[in-house]
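>>> Compute the structure for the input listed below.
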Amino acid sequence: FKEKAREDQSFVNIGFMVCDSRVFDYFGEENEMLEAGPFERLVADNQLSAYEHKGFWSPMDSLKDKRYLSDLWEEGNAPWKC
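Reported below is the predicted structural model:
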C-alpha cells in the first residue's frame, strides 16, 4: 500500500471500506499512516481483502473533474449510466 503511488501502477486504492470493530486492534501510534501500519498488519493476518473493479472510474475532486464527468453525461457518453 502506497499513498500517492506511481503512475505506472495499474490499480489504485479508492472508495470506501467496511470494517469490523476489531480493526481498531490493528491501529498503532496516533500519527501512523493507515497504509503503512494497520493495513500491512491486517494483510499479514489475512484479514484484508479488496474488490478489483475493472470498469470505469474517475475522481471528482476538482472543478475540472466535475466538468469532465458532466460533459460525459451531457454528451450521452457516461459509462456509468444504466
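
>>> how about the longest helix belonging to the chain: buried residues?
Using DSSP state H, we find that the single longest helix of the chain is helix 63-74. Buried residues in helix 63-74, counted by 16 or more other CB atoms under 10 Å: Leu72. C-betas here are computed from N, CA, C, even on glycine.

>>> so how far is it from its chain's centroid?
20 Å (CA atoms, centre = their mean, to the nearest Å).

>>> Which residue is the nearest non-sequential neighbour of the most centrally placed residue in the chain?
With distances taken as CA atoms, centre = their mean, Ile14 lies nearest the centre of the chain, 1.1 Å away. Ranked by CB to CB, 6 or more residues apart in numbering and with sequence neighbours excluded, the top spatial neighbour of Ile14 is Trp57, at 6.9 Å.

>>> Equivalent analysis for Gly37, please.
For Gly37, ignoring the flanking residues on the chain, the nearest one in space by CB to CB, 6+ apart is Gly28 at 4.6 Å.

>>> Any regions of this protein where pLDDT drops low?
For the chain, the stretches with pLDDT under 70 are 1-10.

>>> one more time with 90
1-18, 28-37, 39-40, 48-59, 81-82 (pLDDT under 90).

>>> all helices of it, in order?
38-44, 63-74.

>>> and Phe56, what does it touch?
Applying CB atoms under 8 Å, 6 or more residues apart in numbering, we find Phe56 in contact with Pro79, Trp80.

>>> Give me the distance between it and Asp71.
14 Å (CB to CB, to the nearest Å).

>>> got it, and Met33?
In terms of CB to CB, Met33 sits 35 Å off from Asp71.

>>> go on, Asp25?
Applying CB to CB, the value for Asp25 to Asp71 is 46 Å.

>>> And Met33, how far from Cys19?
In terms of CB to CB, Met33 sits 16 Å off from Cys19.
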